[in-house]
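Novice: coords below, sequence missing:
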């Protein structure tokens with residue numbers, strides 16, 4: 001626990017300060033996060049016996065991530081980046097004699113899964129009040145994860161999904177959803193954002209459910225390839241993907257909510 005707290009104290013400012021500043025520093029942070037997560041993803045694929053085109057996948061991943069930046073999207077639309085990456089990755093796979101389809105799928109999945117979702121983080125940051133909405137997404141995810149952990153440790157008895165995550169319990173999961181809902185309501189009073197309390201509670205609860213799906217998706221991947229953590233970047237926390245797993249599905253959801261309903 002002491003390691004987890006220490007790493008969190010160090011990591012939180014490293015992430016939040018560039019997000020607050022925005023501009024080139026925010027983009028550089030995004031590129032660093034995308035590359036680290038991509039390396040971990042392709043490392044896991046290789047440990048599982050797959051043969052992704054690592055460098056092609058990383059370049060494609062970064063291109064998808066920074067495409068959320070308006071000026072880049074105007075120069076090279078997202079559909080172009082997707083099409084070029086798919087064509088190049090399948091062309092590479094055609095020259096592989098062993099399991100070429102697996103090479104294509106593993107290369108494309110890493111780039112699209114990590115790149116497009118991180119690109120949504122950039123798009124959210126660039127919206128009116130985007131800084132606060134991105135902070136909202138991060139904080140409700142942390143509230144979900146922290147509540148689920150502490151409720152699960154103290155009250156957890158009924159296993160949620162032993163095949164994918166043996167330590168998760170229904171008690172902890174529901175505690176996480178409640179924590180995310182309460183945090184969402186509290187943040188509408190603390191942050192300069194506009195959202196009715198009941199609506200905020202619903203958004204927080206759905207975000208908690210999506211955080212669980214994100215967590216379980218990485219757990220599924222790790223179990224299939226036979227690794228405990230995606231990496232060792234954060235002592236007591238695992239790798240970058242282990243830290244991103246929950247929020248990767250929350251950020252697009254918050255972006256959709258804010259964009260669809262034109263919330264400021």
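Specialist: Okay, I see it. Since this is a predicted model, take the numbers as computed values, not measurements.
Novice: I figured residue 58 was touching residue 35, is that so?
Specialist: Yes - the pair residue 58 / residue 35 is scored as a contact, 6.2 Å apart, by Cβ atoms under 8 Å. (Each C-beta comes from the backbone N, C-alpha and C, glycine too.)
Novice: Which one of these two is surrounded by more residues?
Specialist: residue 58 (23 against 17; other Cβ atoms under 10 Å).
Novice: How about that one: what's its closest non-neighbour residue?
Specialist: Nearest residue to residue 58, sequence neighbours excluded (Cβ to Cβ, 6 or more residues apart in numbering): residue 38, at 4.7 Å.
Novice: Tell me, what's the model's pLDDT at that neighbour?
Specialist: Per-residue confidence (pLDDT) for residue 38: 93.
Novice: Now do the SS call for it.
Specialist: helix (DSSP: H, G, I helix; E, B strand; the rest coil).
Novice: I'd like the distance between it and residue 240.
Specialist: 9 Å (Cβ to Cβ, to the nearest Å).
Novice: Run through who's touching stretch 100-111.
Specialist: 38, 41-42, 45, 50-53, 56-58, 60-61, 64, 85-86, 89-90, 92-94, 96 (Cβ atoms under 8 Å, 6 or more residues apart in numbering).
Novice: And those residues, which of them are buried?
Specialist: 38, 41-42, 45, 50-53, 56-58, 60-61, 64, 85-86, 89-90, 92-93 (16 or more other Cβ atoms under 10 Å).
Novice: Show me how this structure divides into domains.
Specialist: Using automatic domain parsing, the domain ranges for the chain come out as 1-126, 129-264.
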